[in-house]
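In: Sequence and computational prediction follow.
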Amino acid sequence: MTVTAPATQAPLLEIAKVTKRYPGVVAVDDVTLSLEAGQIVGLVGKNGAGKSTLIKIVAGAERADEGYLKLNGEPLELHRPHDATVAGLAFVHQDLQDVGSLSVAENVRLGLGYPRKLGLFVDWSKLRRLAAEPIARLEADIDPREPVGELSVAKQRLVMIARGLAQRAQLLVLDEPSASLTDEEIEHLFAVVRRLRDDGITVVYVSHRLEEIFELTERVIVMRNGQLVADEPTASLDRTSLITHITGHEHAQTATERRASRGVGGRPPTEVVLEVDGVSADTGVNNCSFDVRKGEILGLGGLVGSGRTEMVRAVFGADHRQEGTVRMHGQEVQGNHPSGSMSAGLALLPEERKTQGNIMDFSVRNNITLASLDRHRMRPRVPAPLPRSEKQAADRRIDRLSIATPHDRQLVRLLSGGNQQKVVIAKWLEQGADVLIFDEPTIGVDVDGKEEIYDIMEELAAEGKAVVFISSEFSELVGVCQRVLVLHEGRIVGELEGDEVTEPAIVEICYSQG
Amino acid sequence: MADTTTNPAQPPNSADSEQQRSRFGVDLLSIISLYGVFITLVACIVIFSVLDSRFIEIDNLRTQLGLAAPLLMLSLGLTVVLAMDDFDLSIAGTLSASAAVIVVLIVNHDWPWGFAVLAGMLFGLLIGAINGLLVSYVGMPSFITTLATFLILLGVEYTVSDGRNITGRADMPDLYRDLGIGKPEPWTEFTSPVWIAAGLAIILWLLMSKTEIGRYMYAIGGNPEAARLSGINVKALRAAGFVVVGLMAVFAAVSQTARTASSIPRVGISLLLSSYAAAFLGAAASRQGLFNVPGTVLGVIFLQAVQSGLTILGYDRDILDISRGSILILAMLLTAVGARRR
């Protein structure tokens, strides 16, 4: 496992002329790059740019069609993921691949073998000591005995990093590690990454959040359409030039500029469609009251864990409302469940598109029409949908939202993250609600995709619908929302309107709460 | 993160690539995996027919379909719950217990057969409702819950029948018996259970593949939370699935008892495994690996053909069971290979 560095200072990892083709697509196109020891390297690119395929090749999960890899100057043959582990390459994926029911210690040593007593029984105390060591290096407050499933997402990621350390990794790849982490947790993660770098470990940091790339990395690698289009020191880039590399076209507008150019800052409309009065739920939602007006985009700001998702779930009836009323167009919404809210004209586009938004094994068409199937009946009283009518509706949405899919019968599972998100949006546009709640619709979506989602929300507002927009990236709220409510611990603690809506103002409210 | 299979610049066209692969003859495996169940069935029929021509005689066909009718009814019900990703093991218990109830009511208590069947239906409805309530509304896992009701039902059956064969060939009302064994319907070659099973298959096929309810059921099987957030009444539909399977078990019980003119203890158990085998064979035969009515029908015909062929060739029960088990493994294997190809 320990590789002695040869006398000539060869780079840690060399990727040379690597190409990988899938039917109809060149996923990675003749990529050559080398990584030095002890660097933090950002890897960015749009969804489908080839980042994950490249990572899979280095992880031994996919084999390159052409090209080769070298580790410390020696040729590296990877036939299976275990070979990469042995070579000292560790990967922390976005969807955590730990075993939730096992303890932290068991997860850290997973795949490395557990210490034995009498050659047969697991030596638990030794296992815990072995696991405690890499955890201590991360300065993480984690009990090795605790089941991983009960830890926060941030701590679970740290456990996965600790596993990499236990494997004596020389290279650590972190894929969107900051997703669903609070600001403090992200700070800690950054500190950990920097310390690992100081210990000589190379960290590849994959993220769509460009601020993080600028704050953390020393060098940025940009991929586009399978090709490596830029490999430069971070210091030589600014936001505009990086976005240009990622998208391939000039495309840089800060949130404030966007706000000004789109006239977002004007006075919000006044006609109320949705009134929420004193809603509480046992998910921590505490006596929330607000209204949503026809033709506006209302932002919900707050830190991760501030109760925004929980509040809209209680309003929609996805979670049980213990107290409070919800009125649509002045009429109280009947039934404390999603279908009641839907008939009243309310829609919720949930945060977790894979687990809550789509039926992954349904076709694009069947997902799009799922919430409005009764509109495709052969005859009004016969509850049997007409495939032709469904296809028309689906094709129209695919076209309007430019969903990248070969045809409407493609399984949603096979689409990229951004396109899966568009399918969720298409479903609710089809359903035709008057108030649409978008919960973190831009997570894991690339720059162009985000812009498309803003456009959709703005179009809806212009059509006289109302949009509620939850985002943890406050700049997004500033870019599109006339009004922003700020939540903290399940309560609404601030409201900003018009010119008051600025990033510092939102941050100020978030952090001024005890 | 990035998903390279759908690069917007060059959307992969699955139809094209399939064509390409089969032109080069590399993709035989995925063809086999898709139509494997069907191909194997045809092969079995040809082989059995060559080995012994009695296999394809119309008499045998008539007998075999009559024998297959209860299995088909049971498997159809099962398909509904399996599509929603639930299990129902209690079907064998419902079948056995309702068979005992119906026959005891007819033979020992002189009930008119129509009322006895109606009582059986209500019994099946009740069992289905209890299962549905416990699994869907209380939130208990379906596998273990229906295993528990299965055990209870076996006890009920034992109490009702005293653990004995209740034969009543003489006492059985002609009409009831004729349902199963009697003269074939004048206008057909087949007995009524075959027609009833076929009718039920068509109804459930329409329900599952052509209606909103069916779409919702598959949505629940795919992702119950996404289905619920799309406004689908997940609890009610899952519970309804258990009621359907309960009723189908009673249909199977009626066909079975009418054919043998008796209630044999534990009659359902031998059908339990076959019905799962049929439903899984059917899923293996479908493009997306989903449980579906035509597939289940195919699975039942397959199992019955193998059973008939091996019986005609003089093989014993042990060989029969071994071959049925092997067929199921083979079908699963083909599905697994197919899934990796897809």
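Out: Alright, I've got the coordinates.
In: can you confirm A:R327 is in a strand?
Out: Yes: counting by DSSP: H, G, I helix; E, B strand; the rest coil, A:R327 is part of a strand.
In: Could you list which residues are in contact with the residue nearest to it when sequence neighbours are not counted?
Out: Closest residue to A:R327 apart from its sequence neighbours, by Cβ to Cβ, 6 or more residues apart in numbering or on different chains: A:E275 at 4.3 Å. Placement of C-beta: from N, CA and C, glycine included. Taking Cβ atoms under 8 Å, 6 or more residues apart in numbering or on different chains, we find A:E275 in contact with A:D291, A:V326, A:R327, A:G330.
In: Select from these the one having the most neighbours.
Out: Among the contacts of A:E275, the one with the most neighbours (other Cβ atoms under 10 Å in any protein chain shown) is A:V326, at 23 neighbours.
In: State the pLDDT value of the closest residue to it other than its chain neighbours.
Out: Closest residue in space to A:V326, ignoring its immediate chain neighbours: A:V333 at 4.5 Å, by Cβ to Cβ, 6+ apart. On the pLDDT scale, A:V333 is placed at 92.
In: What strand or helix carries the residue nearest the centre of chain B?
Out: For chain B, B:S75 is the residue whose C-alpha lies nearest the centre (Cα atoms, centre = their mean; 0.9 Å). For B:S75, the host element (DSSP states H and E) is helix B:58-83.
In: What helices and strands are in contact with whichever helix or strand comes after that helix?
Out: The helix or strand immediately downstream of helix B:58-83 is helix B:91-107, counting by DSSP H and E. Helices and strands touching helix B:91-107, by 3 or more Cβ pairs under 8 Å, 6 or more residues apart in numbering or on different chains; DSSP states H and E, are helix B:58-83, helix B:113-132, helix B:142-161, strand B:166-167, helix B:234-260, strand B:262-263, helix B:267-285.
In: residues near A:S207, how many?
Out: Look at A:S207: counted by other Cβ under 10 Å, it has 22 neighbours.
In: picking that back up, doesn't A:M342 make contact with the residue nearest to A:V326?
Out: No: A:V333 is beyond contact range of A:M342, at 9.7 Å (criterion: Cβ atoms under 8 Å).
In: In contact with B:L303, which residues?
Out: Taking Cβ under 8 Å, 6+ apart, we find B:L303 in contact with B:A68, B:L71, B:S274, B:A277, B:A278, B:L281, B:R324, B:I327.
In: Name the nearest residue to the last one, sequence neighbours excluded.
Out: Nearest-residue entry for B:I327: B:V306, 6.5 Å, with adjacent residues in sequence omitted and distances by Cβ to Cβ, 6+ apart.
In: Quick check: pLDDT value at the one you found.
Out: pLDDT at B:V306 comes out at 89.
In: Going by secondary structure, it is in what exactly?
Out: Residue-wise, B:V306 maps onto helix B:293-312 under DSSP H and E.
In: Okay, buried residues for that helix please.
Out: Using 16 or more other Cβ atoms under 10 Å in any protein chain shown as the test for burial, helix B:293-312 gives B:293, B:295-312.
In: So which of the contacts of A:E275 is the closest to A:K450?
Out: A:D291 (27.1 Å; Cβ to Cβ).
In: Cool, thanks, signing off.
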